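Chemist: How does the following fold in three dimensions:
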Amino acid sequence: MALTTGKKAPDFTSLNDDGNKVKLSDFKGKWIVLYFYPKDNTSGCTKEACDFRDNMKRITKTGAVVLGVSPDSVKSHVGFKSKFELNFTLISDSDKTICNAYNVMGEKTLYGRKYIGVIRTTYIIDEKGIIKYVNPKVSVEGHVDEIINKLKELKSK
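Modeler: Coordinates of the predicted model:
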């Protein structure tokens, strides 16, 4: 079960797609769209990433930054980001520490086989590090528009 709104977002330290250490607290003072996705270069994850890329101007107008997190390696993120010209930070969580802290690991089924994997989930975190919105069951289609509308709504309060 995802973390709930009103809670402090768990801080983390990991490597970004440049191989540099990054912490959630590095973004204090900014709104953050923290989205978890299962795997680089898969159809749904690529569509979601490209939707964020294509709408980045609309997102930055709200004052937010986008951080994508998956269990893929830095090397995988480098290739994924380059191949699709992604204009936001990808964070490697190869040991699934961040995924576990944000409770996005769960049972999934692929071709009748059950396994534990990343449940596509998005958090909106305010400039003080408080979770303001959680979508624990993201549907890729229309997701970025939903997030932009939610950012506008939250920031107008």
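Chemist: quick one: what helix or strand has the residue lying closest to residue 14 once chain neighbours are set aside in it?
Modeler: Of all residues not flanking residue 14 in the chain, residue 91 sits nearest, at 5.2 Å (C-beta to C-beta, 6 or more residues apart in numbering). Backbone N, C-alpha and C define where each C-beta goes, glycine included. Residue 91 belongs to strand 89-92 when elements are defined using DSSP states H and E.
Chemist: quick revisit: the residue nearest to residue 14: how many residues sit nearby?
Modeler: Using other C-beta atoms under 10 Å, residue 91 has 22 neighbouring residues.
Chemist: do the same with the one 3 residues further on
Modeler: Residue neighbour count, defined by other C-beta under 10 Å, stands at 13 for residue 94.
Chemist: Also the one 10 residues further on?
Modeler: Number of residues near residue 104 (other C-beta under 10 Å) recorded here: 27.
Chemist: Likewise for residue 8?
Modeler: Neighbouring residues of residue 8 were enumerated by other C-beta under 10 Å; the total is 11.
Chemist: Tell me which residues touch it, please.
Modeler: Contact partners of residue 8, counting by C-beta atoms under 8 Å, 6 or more residues apart in numbering, are 129-131.
Chemist: change it to 7 Å
Modeler: 129-130 (C-beta atoms under 7 Å, 6 or more residues apart in numbering).
Chemist: Run through the bridge partners of it.
Modeler: When bridges are taken as DSSP bridges, the partners of residue 8 come out as residue 130.
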